[in-house]
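Trainee: any chance you could fold what I've pasted below:
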Amino acid sequence: MLSYYNLDEPFVKIYTYTKGLLLLIIVSNQIFLNKTKER
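Mentor: Numbers count the residues shown, from 1 in each chain. Next up, the predicted model:
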């Protein structure tokens, strides 16, 4: 399985990086919205 995906390794790395970045943005947005609602 790992050897099969070895060809697409750069793509997989970019995919996981982008997914993590999107998750980070969503989480920070939620925290920002919660902080603005408290005021």
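
Trainee: can you list the low-confidence ranges for this structure?
Mentor: 1-7, 39 (pLDDT under 70).

Trainee: measure the spatially most central residue of it to Phe11 for me?
Mentor: Most central in the chain under C-alpha atoms, centre = their mean is Gly20, positioned 1.8 Å from the mean C-alpha point. Separation of Gly20 from Phe11 (C-beta to C-beta, to the nearest Å) stands at 15 Å. All C-beta atoms are positioned from the backbone trio N, CA, C, and that covers glycine.

Trainee: next one: Lys35
Mentor: 36 Å.

Trainee: can you map out the strands along this structure?
Mentor: In the chain, no segments count as strands under DSSP state E.

Trainee: what's the longest helix in it?
Mentor: If you go by DSSP state H, the chain has its longest helix at helix 9-38.

Trainee: report the distance from that helix to the chain centre.
Mentor: Relative to its chain's centre, helix 9-38 lies at 5 Å (C-alpha atoms, centre = their mean, to the nearest Å).

Trainee: same check on stretch 31-39?
Mentor: Distance, centroid of stretch 31-39 to centroid of chain: 22 Å (C-alpha atoms, centre = their mean).

Trainee: just the CA atoms of that stretch, as PDB, please.
Mentor: Taking C-alpha atoms only, stretch 31-39 is exported to PDB below (Å, rounded to 0.1, in the frame of the first residue of the first chain):
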ATOM      1  CA  ILE A  31     -12.600  31.200  18.200                       C
ATOM      2  CA  PHE A  32     -12.600  34.700  16.700                       C
ATOM      3  CA  LEU A  33     -16.400  34.500  16.300                       C
ATOM      4  CA  ASN A  34     -16.900  33.400  19.800                       C
ATOM      5  CA  LYS A  35     -14.700  36.200  21.100                       C
ATOM      6  CA  THR A  36     -16.700  38.800  19.200                       C
ATOM      7  CA  LYS A  37     -20.000  37.400  20.400                       C
ATOM      8  CA  GLU A  38     -18.900  37.700  24.000                       C
ATOM      9  CA  ARG A  39     -18.500  41.500  23.700                       C
END
